[in-house]
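> output the structure for:
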Amino acid sequence: MKEIKFRDWDNNEKKFYYFDLEKDEYPDSFWALHSAKPLSQFTGLLDKNGKKIWEGDIIIDKFRKEKGEVIWHGVS
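You can find the predicted model right below:
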């Protein structure tokens with residue numbers, strides 16, 4: 001089963017906040033700060049180093065010498 005995880009960039013703190021909607025509970029104050037913009041969803045995929053690939057990440061295709069943004073449509 002795919003992990004349903006999200007992350008949100010905090011521009012003031014200059015860091016990502018990671019959370020799992022199935023496990024974590026957040027107060028209304030958290031959502032007031034983090035609901036003004038879209039969240040990035042974990043795609044369920046890992047890169048060659050085992051690092052999670054998130055929606056909005058920039059990936060590089062070394063074979064075609066191209067780079068692009070990961071866009072997740074919620075279909076696995």
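> ok so residue 53 is a strand residue?
Yes: under DSSP: H, G, I helix; E, B strand; the rest coil, residue 53 falls within a strand.
> any figure for the gap between the closest residue to it other than its chain neighbours and residue 3?
Leaving aside its chain neighbours, residue 53 sits nearest to residue 45 (4.6 Å; criterion: C-beta to C-beta, 6 or more residues apart in numbering). Heads up, the C-betas are built off the backbone N, CA and C, glycines and all. Taking C-beta to C-beta, to the nearest Å as the measure, residue 45 falls 11 Å from residue 3.
> residue ranges of the helices in the protein, please?
Assigned by DSSP state H, the helices in the chain fall at 28-34.
> lowest-confidence helix or strand of it?
Least confident element among the helices and strands of the chain, by mean pLDDT, DSSP states H and E: helix 28-34 (a mean of 65).
> bridged to residue 17, which residues?
When assigned by DSSP bridges, residue 17 has beta-bridge partners residue 8.
> tally up the residues packed near it, please.
15 (other C-beta atoms under 10 Å).
> now do the same for it: its pLDDT.
Per-residue pLDDT puts residue 17 at 82.
> residue 45 and residue 3 - which one has more neighbours?
Set residue 45 next to residue 3 and count neighbours by other C-beta under 10 Å: residue 45 wins out with 15 against 11.
> the more buried one touches residue 54, doesn't it?
No: contact criterion C-beta atoms under 8 Å: residue 45 and residue 54 do not qualify, at 9.5 Å.
> what's residue 19 in contact with, if anything?
5, 6, 7, 8, 26 (C-beta atoms under 8 Å, 6 or more residues apart in numbering).
> next up, the contacts around residue 4.
20, 21, 22, 41, 42.
> let's see that with 6 Å instead.
residue 22 (C-beta atoms under 6 Å, 6 or more residues apart in numbering).
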